[in-house]
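Return atomic coordinates for the entry below.
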Amino acid sequence: MSHLSQRPDNPAVGQAVPHESAALHVTGRALYTDDLVFRTRDVLHAHPVCAPHAHARVTRLDPAPALEVAGVVRVLTAADVPGVNDAGVKQDEPLFPDEVMFVGHAVCWVLGETLEAARLGAASVEVDYEPLPAVVSLTEAIEQGSYQGGQPVITRGDVEGGLSGAAHVFSGVTEMAGQEHFYLETHASLALVDEGGQVFVQSSTQHPSETQEIVAHVLGLHNHDVTVQCLRMGGGFGGKEMQPHGFAAVAALGAVLTGRPVRVRLSRTHDMTMTGKRHGFHAQWRVGFDADGRLQALEATLTSDGGWSLDLSEPVLARALCHVDNAYWIPHVRLHGRVARTHKTSQTAFRGFGGPQGMLVIEDILGRCAPLLGIDPIDLRRRNFYVDGQATPYGQPVRHPERVAAAWDQVLETGRIAERQAEVAAYNTAHEHSKRGLAVTPVKFGISFNFTAFNQAGALVHVYKDGSVLINHGGTEMGQGLHTKMLQVAATTLGIPLERVRLAPTRTDKVPNTSATAASSGADLNGGAVKDACEQIKDRLTEFAAGRELAWEELVREAYFSRVQLWAAGFYRTEGIHWDSTTMRGHPFKYFAYGVAAAEVEVDGFTGAYRTRRVDLVHDVGDSLSPLVDLGQIEGGFVQGVGWLTLEDLRWDESDGPGRGRLATQSASTYKLPSFSELPAELNVALLDRAHEDGVVYGSKAVGEPPLMLAFSVREALRQAAAAFGPVGTSVDLASPATPEAVFWAVERARSPGQDQLVEGLPGLVPDRPDPAAPALHPRSEQLAHDPVEA
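Predicted coordinates:
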């Protein structure tokens with residue numbers, strides 16, 4: 001067992017303690033960025049002037065009428081930028097554009113004494129546009145060849161040979177929609193300038209160091225001239241990894257130009273129409289199985305909807321390609337990736353970061369092919385699991401594959417799956433107009449940033465003369481419990497009670513050059529850094545004590561008077577990882593997190609409405625740092641995944657009318673979110689036992705993103721329930737999200753399987769002209785249309 005993962009006796013880690021801010025959350029006393037406005041004098045409020053076109057050139061912008069509005073102080077335009085007029089890291093996101101790229105793109109910002117004055121001023125700004133052609137849907141982008149960024153490829157083995165030797169070959173298309181983050185706290189920044197010209201920005205950001213960097217280059221300053229603090233976030237989910245930078249830059253620019261604090265806080269409508277979302281994906285694939293149903297070969301082209309700029313689309317695509325295999329061994333693989341450019345918001349990170357989209361491809365393939373192979377989907381999935389000694393298509397050995405098998409067996413046993421399958425079959429026989437489905441799906445998710453340099457973290461730990469401890473680290477808190485875990489890590493390492501440790505807000509002038517709190521790596525990275533800093537202090541105190549048995553407070557006090565250093569800067573870098581983005585090969589992940597879910601649903605054949613009856617989850621978190629926090633993350637991630645796969649339906653206007661490109665689902669009244677009513681009547685969650693992860697802080701594993709993919713079980717159960725309305729062997733092509741409407745049409749097709757037969761040629765959603773980057777149809781392919789049957 002490594003030193004990093006070894007736990008002492010009676011550790012604070014592993015205790016089921018509440019979230020460190022739980023009492024503040026439930027009483028409303030927790031402060032967020034925008035709450036600080038009311039503690040700040042003379043604040044100006046910013047409001048955007050948003051373009052009504054999906055794609056247009058700005059031919060005239062006249063701010064003068066806005067300055068006539070009472071309470072308007074200034075209008076910020078591109079001419080005011082002293083540095084670089086760009087809010088992105090790829091230099092493709094002008095802060096004040098002269099060519100708008102989506103409906104809602106801000107061309108300038110109005111500052112007012114009140115938010116209402118700024119709003120009225122924004123409505124008075126005169127802007128003329130020259131409309132330009134707009135690409136709105138992902139399929140349009142594919143048809144027109146509208147792409148951006150690199151086009152990576154992952155290959156292993158001989159795909160053509162594997163398909164030629166396969167007993168069964170199928171081809172098809174899988175499409176999945178994006179997802180709105182809908183964090184409770186919208187984007188917010190508050191900037192001010194001190195007497196020395198130092199810019200201080202309070203920002204709701206997952207990546208304070210990058211926010212600092214963008215603000216500095218917009219202002220033409222050095223990074224040390226800008227300090228960014230993140231007090232806490234009211235949710236992030238990846239939506240505050242890249243997207244906050246521009247809003248912080250607007251606030252900072254306004255503060256520099258006016259000498260007054262400036263607040264940017266988006267309304268819910270502005271947040272939904274101006275900021276990026278989970279990438280929608282289109283996948284065209286062909287797959288081969290042997291006579292026993294074992295995967296032999298897979299070729300697929302994954303195209304993501306990147307929106308108008310790159311943002312994080314390239315690494316999202318890379319992670320998607322790296323997760324197409326999920327938990328399954330596929331000997332021969334060729335995966336193509338592309339990022340489409342559309343005239344919509346710039347899509348960005350979202351919990352799972354492309355992993356869910358990649359994994360959905362293989363789960364959709366197995367769910368659609370199982371009936372045609374005559375194999376129970378549960379058996380088909382299980383017989384294709386990785387075993388020890390096998391590696392992923394990008395060359396990383398799969399460690400501990402037995403854990404997904406152990407979780408699978410635990411779910412089958414505790415969930416009484418075999419018994420309930422018989423009950424479901426009996427119910428379906430007895431009920432003509434409602435059917436049930438029961439599905440079990442696995443998760444294998446890689447933990448670490450694909451970009452190796454991001455896998456580092458720092459921490460600053462102070463021990464005060466009275467024995468109290470203050471810790472700073474580079475991670476940000478968005479409700480996920482990272483700060484709670486860091487308090488437990490510090491208390492464990494120092495060997496003191498948890499109540500002796502306090503945590504300070506994340507600030508760039510305390511811990512510099514931090515990575516984003518993302519990729520589920522926050523506890524691994526920052527926990528390693530906090531542990532390192534605490535160990536430095538503990539080693540000094542141990543040496544000073546020289547074997548004496550002293551109480552903590554007495555030891556610290558004596559050490560101070562003996563001039564022993566009582567603070568330390570800690571550092572951690574993830575060892576053993578490497579990645580070549582050119583060849584798409586390497587060992588990008590420290591380890592894999594595993595999980596298994598079983599879900600049972602009931603579908604109404606008249607309406608497509610459904611309810612989730614029971615869900616059983618077993619998830620691998622290693623040796624949990626904080627069990628209550630981890631259970632909350634598993635439950636929350638699962639429900640968010642259910643929302644993405646079954647409820648949350650982003651709709652843009654794809655007509656040729658004046659509203660083309662407008663987001664139609666721009667509020668909670670039109671965008672359906674999961675709620676208590678969508679929770680199963682019975683939800684059982686268990687942490688996998690005997691899952692110590694060596695080489696990670698106190699033997700734990702990441703928990704933020706992997707549980708989201710447990711929701712595949714609900715979608716697959718809906719597919720089986722819909723198929724039960726048809727004859728045995730019916731294969732259902734289920735839309736994603738599988739809304740009640742989508743389920744209704746799936747049921748209708750299942751009832752009339754003869755209307756959609758296997759056909760030769762490319763899938764219907766692929767453009768008429770051949771796409772050279774997409775896989776050609778194998779001569780013996782069995783085309784999966786809507787409801788295919790094997791010829």
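
Okay, helices next: where are they in the stretch 501-650 of the chain?
Applying DSSP state H, counting those that start in this stretch to the stretch 501-650 of the chain gives helices spanning 522-545, 552-561, 627-642.

Can you lay out these as a markdown table showing distance to residue 31, mean pLDDT and mean neighbour count?
Every C-beta, even on glycine, is put in place using the N, C-alpha and C of the backbone. Formatted as a markdown table, the helices of the stretch 501-650 of the chain follow (distance: least, CB to CB, whole Å; pLDDT from 0 to 100; neighbours: other CB atoms under 10 Å):
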| stretch | distance to residue 31 | mean pLDDT | mean neighbour count |
| --- | --- | --- | --- |
| helix 522-545 | 21 | 98 | 23 |
| helix 552-561 | 30 | 98 | 16 |
| helix 627-642 | 21 | 98 | 22 |
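
JSON lines for these, including distance to residue 740?
Below are those laid out as JSON lines (distance: least, CB to CB, whole Å):
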{"stretch": "helix 522-545", "distance to residue 740": "36"}
{"stretch": "helix 552-561", "distance to residue 740": "59"}
{"stretch": "helix 627-642", "distance to residue 740": "13"}
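
Indicate which one of those is closest to residue 375.
Of all the helices of the stretch 501-650 of the chain, the one in closest proximity to residue 375, counting by CB to CB, is helix 627-642 (25.3 Å).

quick one: contacts for residue 156?
Residues counted as contacts of residue 156 (CB atoms under 8 Å, 6 or more residues apart in numbering) are 331-334, 393-395.

now it: how far from residue 676?
For residue 156, the distance to residue 676 equals 44 Å [CB to CB, to the nearest Å].

Next: residue 527.
Taking CB to CB, one finds residue 527 at 33 Å from residue 676.

repeat for residue 718
In terms of CB to CB, residue 718 sits 20 Å off from residue 676.

Give me the more crowded residue out of those two.
Between residue 718 and residue 676, residue 718 has the larger neighbour count (other CB atoms under 10 Å), namely 30 against 6.

Just list the residues touching that one, thanks.
So residue 718 contacts 437, 601, 603, 610, 646, 734, 738, 743, 746 (CB under 8 Å, 6+ apart).

That one: which element?
In this assignment (DSSP states H and E), residue 718 forms part of helix 712-723.

how far does that helix sit from the chain's center?
Distance of helix 712-723 from its chain centroid, counting by CA atoms, centre = their mean, to the nearest Å, is 23 Å.

Export whatever helix or strand comes next after that helix to CSV, keeping only CA atoms.
Going down the chain from helix 712-723, the next helix or strand is helix 740-751, by DSSP H and E. Provided in CSV are the C-alpha atoms of helix 740-751 (Å, rounded to 0.1, in the frame of the first residue of the first chain):
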residue,chain,number,x,y,z
PRO,A,740,-43.0,10.4,-23.1
GLU,A,741,-43.6,11.6,-26.6
ALA,A,742,-40.6,9.8,-27.9
VAL,A,743,-41.6,6.6,-26.0
PHE,A,744,-45.1,6.8,-27.4
TRP,A,745,-43.8,6.8,-31.0
ALA,A,746,-41.4,4.0,-30.1
VAL,A,747,-44.4,2.0,-28.8
GLU,A,748,-46.3,2.7,-32.0
ARG,A,749,-43.4,1.4,-34.1
ALA,A,750,-43.1,-1.7,-31.9
ARG,A,751,-46.7,-2.4,-32.5
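
now for helix 740-751, which elements pack on it?
helix 712-723 (3 or more CB pairs under 8 Å, 6 or more residues apart in numbering; DSSP states H and E).

got the angle between the helix it packs on and helix 627-642?
40 degrees (axes from the mean of the first three to the mean of the last three CA atoms, to 10 degrees).

okay but residue 528 is in contact with residue 4, surely?
Yes - look at residue 528 against residue 4 with CB atoms under 8 Å: they come within range, at 6.6 Å.

which neighbours do the two share?
residue 697.

tell me the mean pLDDT for stretch 350-368?
Average pLDDT, stretch 350-368: 98.

likewise stretch 77-93?
pLDDT averaged over stretch 77-93 gives 97.

Need the residues that contact that stretch.
Stretch 77-93 is contacted from outside by 61, 63, 94-96, 98, 108, 210, 214, 216-221, 242, 245-246, 249, 253, 256-257, 309-311, 346, using CB under 8 Å, 6+ apart.

Please narrow these to those residing in helices.
210, 214, 216-219, 245-246, 249, 253, 256-257 (DSSP state H).
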